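Peer 1: take a look and give me a structure for this.
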Amino acid sequence: MLLKSILWLFSLAFLFQHGNSARILGLFPFSGPSHNHVFSALTTALHDRGHDLTVVTAYPLKNAPNIGYRQIDVKPIRDYFESFDVYEYSGQSTFGRLWSMWYSFSHNCPLAAEMPEVRQLLKEKFDLVLVSTFFNECLIPFAKHNKAPLVMVSSLGSLGFGMGINNPEPSSFVPSVFLPFTDHMSFSERMVNFFATLFVDLCKYFRHYPKMDAAAKALFGPDTPSVMELETDTSLIILNSHPSLSYPKPLLPNVIEAGGMHIREDNETLPEDLKQFMDDAEHGVIYFSMGSTLKGNKMPRNKVDILVSAFAELPQRVIWKWESESLPGKPENVKISEWLPQQAILAHSNLKAFFTHGGLLSTQESAYFGVPLIGMPMLGDQMLNVERSEKLGYAVGIDFKTLTKESVMKAIRTILENESHKLNAEKLKTRFRDQPEMPLERAIYWTEFVLKHNGAPHLQSQAAKLSCYQLYMLDVGALLFILITFGLWTDYLFINSLFKSPKKVKTS
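Peer 2: Have a look, this model is predicted:
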């Protein structure tokens, strides 16, 4: 009891010291466990600045602060996410994967909106609302309900989910995150990119937003404006991206890039057995992880056998993120674990390569620590990330669908034997770290800027208020086309009348 009292007094003193503390609501019910690292980095940093946080999440922090940091666990969404088999979708076409994603993910936000713990938040008052851009739009009205600024946070960079309105992105040179294109697209690639972007917009407008609106009206009342309308009042958009790892594109003043804000060199250490395993590796170590969503033990058996056979022939030691107690046929040079401190592994001087699925967070971490990549993308933005990493000269990509022992060995040897990959990784590391402040500091500054300036409406562009035909001047173009066509047709009739032969008059 005495300890609790001391903690409360310390908290009050801390808040008093900062003076401008605010009650902040973070709404991140649907996200992968790795994406949650981005959100929790932001929310815990805001707490450390003296703000009071209430966070709705499918992955509550185990070591969350005891005071001023409340977590609402949306377990049903976590259960759904854990049961989602990504390998099942890996063989689909681009448009098939897109449709499966919209079909599978759209019901999660309505599920969160129905939870009593979430509905209870309507009775509280918050000064700022944070919402994940990834299929969580039905909770956006919490900002209007509280008359509070809205900050959208994307753990995956610019996804186009609402970004097309708030920050126009021309498909002529901004590749869709679902396609392995660069910003130098051929005519056919631009056409595919255009239709992929259009497909996402159609799914969003005709399938996703109606479900979000229905869930929002059920939670906030029938007079609630549409989610799309409320989205245009976004005060700030925080993107987990950086020009070093993505292609240049125009950004409005209220859109900031804070790629890598989850990276902290000092917050992870290697367990003693893992440290010794890496320290004693005479030929170095290769780290293999398919991330937190792609469970290693759910990988098709024939693919696992290919990897086991390839790793067994390597002189290097291999650390494999494997979500079971045993790996059939595990070679002596392979160490498995269900959980691994990834950033600490990537920071180790004896690590030679990172064999990854190409997720954005893993890609950012490899760039931050200067580690060459072997990318085996499965879905979402992973193809684009691996393609971009190859263009930067520090990665080699392989195809999961046609995976063979030979392709695995060739990719590993290319990375290990070609010194240019390591040199390019070191160049990227220098460029990625060369920033005026840490990405997390940037995200915190602009979040508090929005709080300080009552939503900072002076940063918001009118583009968010315009319809698509107004934004791209289609109405003006249509009027000009009509006027020009009418003018040409009038000229044609006039000229034709001048040169038309007069009819001869019959004489009797």
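
Peer 1: contacts and neighbour counts: CA atoms only from here.
Peer 2: Will do.

Peer 1: please report phi then psi for residue 239.
Peer 2: Residue 239 adopts backbone torsions of phi -100, psi 130, taken as degrees, to the nearest 10.

Peer 1: where along the stretch 301-450 of the chain do the helices fall?
Peer 2: 301-312, 342-347, 360-369, 382-391, 405-417, 419-433, 439-452 (DSSP state H, counting those that start in this stretch).

Peer 1: now tabulate those in JSON lines and tack on mean pLDDT and distance to residue 188.
Peer 2: JSON lines is the format used below for those (pLDDT from 0 to 100; distance: least, C-alpha to C-alpha, whole Å):
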{"stretch": "helix 301-312", "mean pLDDT": "93", "distance to residue 188": "33"}
{"stretch": "helix 342-347", "mean pLDDT": "94", "distance to residue 188": "38"}
{"stretch": "helix 360-369", "mean pLDDT": "94", "distance to residue 188": "26"}
{"stretch": "helix 382-391", "mean pLDDT": "89", "distance to residue 188": "17"}
{"stretch": "helix 405-417", "mean pLDDT": "95", "distance to residue 188": "29"}
{"stretch": "helix 419-433", "mean pLDDT": "95", "distance to residue 188": "30"}
{"stretch": "helix 439-452", "mean pLDDT": "95", "distance to residue 188": "36"}
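
Peer 1: just so I know, which of those lies nearest residue 134?
Peer 2: Distance to residue 134, taken as C-alpha to C-alpha, is lowest for helix 360-369 among the helices of the stretch 301-450 of the chain, at 14.1 Å.

Peer 1: so that closest one versus helix 382-391, what angle?
Peer 2: Relative orientation of helix 360-369 and helix 382-391, computed by axes from the mean of the first three to the mean of the last three C-alpha atoms, to 10 degrees: 20 degrees.

Peer 1: returning to what we had before: out of the helices of the stretch 301-450 of the chain, the one nearest residue 168 is which?
Peer 2: helix 382-391 (19.7 Å).

Peer 1: please identify the buried residues of the closest one?
Peer 2: Buried residues in helix 382-391, counted by 16 or more other C-alpha atoms under 10 Å: 382-390.

Peer 1: quick check: of those residues, which lies closest to residue 248?
Peer 2: residue 388 (12.3 Å).

Peer 1: okay but that closest one is in contact with residue 245, surely?
Peer 2: Yes - at 7.1 Å, residue 388 counts as touching residue 245 under the criterion of C-alpha atoms under 8 Å.

Peer 1: go through the helices of the stretch 301-450 of the chain and name the closest to residue 152.
Peer 2: Each of the helices of the stretch 301-450 of the chain has some distance to residue 152 by C-alpha to C-alpha; the shortest is helix 439-452, at 10.2 Å.

Peer 1: which residues touch the closest one?
Peer 2: 41-42, 45-46, 127-128, 149, 151, 235-236, 238, 256-262, 456 (C-alpha atoms under 8 Å, 6 or more residues apart in numbering).

Peer 1: ok, of those, which come out buried?
Peer 2: 42, 45-46, 127-128, 149, 151, 235-236, 238, 256-262, 456.

Peer 1: nice, that's everything, thank you.
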